[in-house]
Each structure stands twice: as C-alpha cells, then as structure tokens.
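coords below, sequence missing:
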C-alpha cells in the first residue's frame, strides 16, 4: 500500500509511541509486587509491541523508542507511584485520537489498535490499587488541617507578636502538638471504621503530611526572623503551592477535578489566614502587648 507522506509520518509517530510504551510497561511490570498487576502490565507491553510491528509493515522503517520518556515515566512511577505515572502517560495519549481517525480512513487496522488502546486504559484503571492512594484520605486530612490551622495561626501570630523567632517557636510547638493529635485521632477513627486501611499506617500518613506542611510553612521565619511580614507572604505562597501540587497529583491519580479541589482548599486556607490576621490585630490592641 502506497501511503501519502502525511499518513506515513503519522504511522511512524504511532510506531515510536508504541515501542516507547512497550519499554515503559515492561520495566514497570518487573517492579510491581502484585503478580496479577504485573501480568496485565506485561500483556499490555506485548500488545504495544504487536502494534509496533503492525505499523512497521506499513512504514517499512524501524523506529527507536524515545528513551527520555521511557526513563522519565519509569522514574516518575517509582517516585510518585505506579498509578500516577501510568495515568500521566495515558493522558498524553488522548492527543493521538484525531490522528488515529485520519489514519483509519487509509489503514483499517488503526481502528482496531485504537480500540485496544482504549481497552488498555480501562484495564489499567481497574487494576491500579496502591497503598499510597488507599491512604490518600489520611494525607488529605493531615494536609488540609495543617494548612488551615497553621496559615491561620501564623497570620495571627505575625501581627500579634511581630518577632520572627517567637512566631517560629509558637508555630512549631502548635504544629507538632497538633500533628500528634491529628495522627492519634486518625488512628482511633480508622480503627473504629469497617475499612481495609491499617490504623497505624493511616495515623503515620496523617502525621507525616501534617508535620511536613508545618515545617515548610514555619521555615521562612527560621531563615529570616526579622522580615516577619515577608515570611508570612512566603508561608502563604508555600501553602498555595502545596495545595496545587497535591491536588494535581490526586487529580491525575484518581481522575478528580483539579480546579474544584484547588479552589476549595486554597480559598479555605487563605480565608482563615486573613481572618486570623485581623483577630491578631484586635487581640494585640485589646491586651496592649508590645514586643
């Protein structure tokens, strides 16, 4: 079959995508502890290789994988979790739908390959079951509570105390005590629920999320204690960045709306901070404290 240059280039692009994903899935299949998940990943990898060979019959040209993307998605999957890495990769595939439709007008197998690609995505969604996502609710609890409580506390303390070292000291004491309290509450809550989550692990995830957030928010006051208003601005900016990064992760891994979750969490944290800032001013005036 004689292909136009445009169709041939699209076929070569499909080939490169297929062989790249073959190497990604093959590598990931060897890292997955679940035998069933590893088997499905290996099967998908073999299907990708079969697609590559099918396209090769039309292009008559061997194509090398994009090794950068092979290692990029592999490393992302190792660091941030198999679920996040694979779904991030699958999101990139959606841009190829129009090209499949164009090629299918000339090469009938394109429609079959597209159907199998859609089937792969559904298989992946059904098989993904990672511990870190099972405990996402515990992480959300720790992050959300730390962001709301600490941004509010730091805003109030900044105006009330106007001393970077005292603000950092108060923030750390408040944050550490609150993180232990939240971890204990999550332990008791998980233990009383009919769930597969382990109470201790749920508590650990909540506590780590909380204390990590506390550390990042208080850090500016420790680095530059004399510029406490700038420190507050940095802390609030850090809070927004934490919210954005975490919600992007969840939106990709769990298929939830990024915009709605981000606006809700950011709005809540910043509103509490603004309210606490005002409260700090009035308390300072009421008590007549000068530090």
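Good, I have the coordinates. Everything numeric in this text was worked out from a predicted model, so none of it was measured.

Break this structure down into its domains, please.
5-129, 132-287 (automatic domain parsing).

How about residue 49: what's its closest non-neighbour residue?
residue 22 (4.7 Å; CB to CB, 6 or more residues apart in numbering). No exception for glycine: its C-beta is placed from N, CA and C like everyone else's.

Assess the claim that that neighbour and residue 45 are in contact.
Yes. The pair residue 22 and residue 45 qualifies as a contact (CB atoms under 8 Å) at a distance of 5.2 Å.

tell me which element the residue most central in space within the chain falls in.
Note on the chain: the residue nearest the mean C-alpha position is residue 249, at 1.5 Å, using CA atoms, centre = their mean. Counting by DSSP states H and E, the element that carries residue 249 is helix 228-254.

ok, now residue 269?
If you go by DSSP H and E, residue 269 is part of helix 258-287.

Give the other helices and strands that that helix contacts.
Counting by 3 or more CB pairs under 8 Å, 6 or more residues apart in numbering; DSSP states H and E, the packing neighbours recorded for helix 258-287 are helix 136-161, helix 228-254.

For the longest one, buried residues please.
It stands for helix 228-254. Within helix 228-254, the residues that count as buried by 16 or more other CB atoms under 10 Å are 228, 231-232, 234-236, 238-240, 242-243, 246-247, 249-253.

about what we covered before: tell me the pLDDT at the closest residue to the residue nearest to the centre of the chain other than its chain neighbours?
Spatial nearest neighbour of residue 249, excluding adjacent residues (CB to CB, 6+ apart): residue 84 at 6.2 Å. Looking at residue 84, its pLDDT is 81.

Same question for the one 10 residues further on.
We have a pLDDT of 58 for residue 94.

what's the closest non-adjacent residue to residue 189?
residue 202 (7.9 Å).

which residues touch the one you found?
For residue 202, the contacting residues are 135, 138, 186, 187, 189, 190, by CB atoms under 8 Å, 6 or more residues apart in numbering.

For the residue nearest to residue 49, list the residues it contacts.
45, 46, 48, 49, 52, 65.

repeat that for 10 Å
Residue 22 is in contact with 44, 45, 46, 47, 48, 49, 50, 51, 52, 65, 70, counting by CB atoms under 10 Å, 6 or more residues apart in numbering.

buried sites along the helix or strand hosting it?
Using DSSP H and E, residue 22 sits within helix 5-29. Within helix 5-29, the residues that qualify as buried are 7-8, 10-29, counting by 16+ other CB under 10 Å.

for it, the distance to its chain's centre please.
For helix 5-29, the separation from the chain centroid amounts to 26 Å (computed by CA atoms, centre = their mean, to the nearest Å).

Could you check how many residues crowd around the closest residue in space to residue 235 that isn't next to it in sequence?
Nearest-residue entry for residue 235: residue 217, 4.7 Å, with adjacent residues in sequence omitted and distances by CB to CB, 6+ apart. A count of nearby residues for residue 217, using other CB atoms under 10 Å, gives 27.

Torsion angles phi and psi at residue 217?
For residue 217, the backbone dihedrals are phi -70, psi -40 (criterion: degrees, to the nearest 10).

who's in contact with it?
For residue 217, the contact set (CB under 10 Å, 6+ apart) comprises 146-147, 149-151, 153-154, 171-172, 175, 231-232, 234-236, 238-239, 242.

From what I see, residue 38 and residue 28 are in contact.
Yes. Between residue 38 and residue 28 there is a contact under CB atoms under 10 Å: 8.5 Å.

picking up where we left off before, would you check how far apart the residue nearest to residue 235 and residue 184 are?
Relative to residue 184, residue 217 is positioned 21 Å away (CB to CB, to the nearest Å).

just residue 135 next, same as before
Noted for residue 135: a distance of 16 Å to residue 184, by CB to CB.

Show me which of those two is the more surrounded one.
More crowded of residue 135 and residue 184, by other CB under 10 Å: residue 135, with 22 against 13.

surely that one meets residue 207?
No. Checked against CB under 10 Å, the pair residue 135 and residue 207 is beyond contact range at 11.6 Å.

give me every residue that touches residue 18.
47-56, 63, 65, 113, 117.

Make JSON lines out of these and add neighbour count.
Below are the contacts of residue 18 laid out as JSON lines (neighbours: other CB atoms under 10 Å):
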{"residue": "47", "neighbour count": "19"}
{"residue": "48", "neighbour count": "23"}
{"residue": "49", "neighbour count": "17"}
{"residue": "50", "neighbour count": "14"}
{"residue": "51", "neighbour count": "24"}
{"residue": "52", "neighbour count": "21"}
{"residue": "53", "neighbour count": "11"}
{"residue": "54", "neighbour count": "18"}
{"residue": "55", "neighbour count": "26"}
{"residue": "56", "neighbour count": "17"}
{"residue": "63", "neighbour count": "19"}
{"residue": "65", "neighbour count": "18"}
{"residue": "113", "neighbour count": "21"}
{"residue": "117", "neighbour count": "22"}
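
Done for today, thanks.
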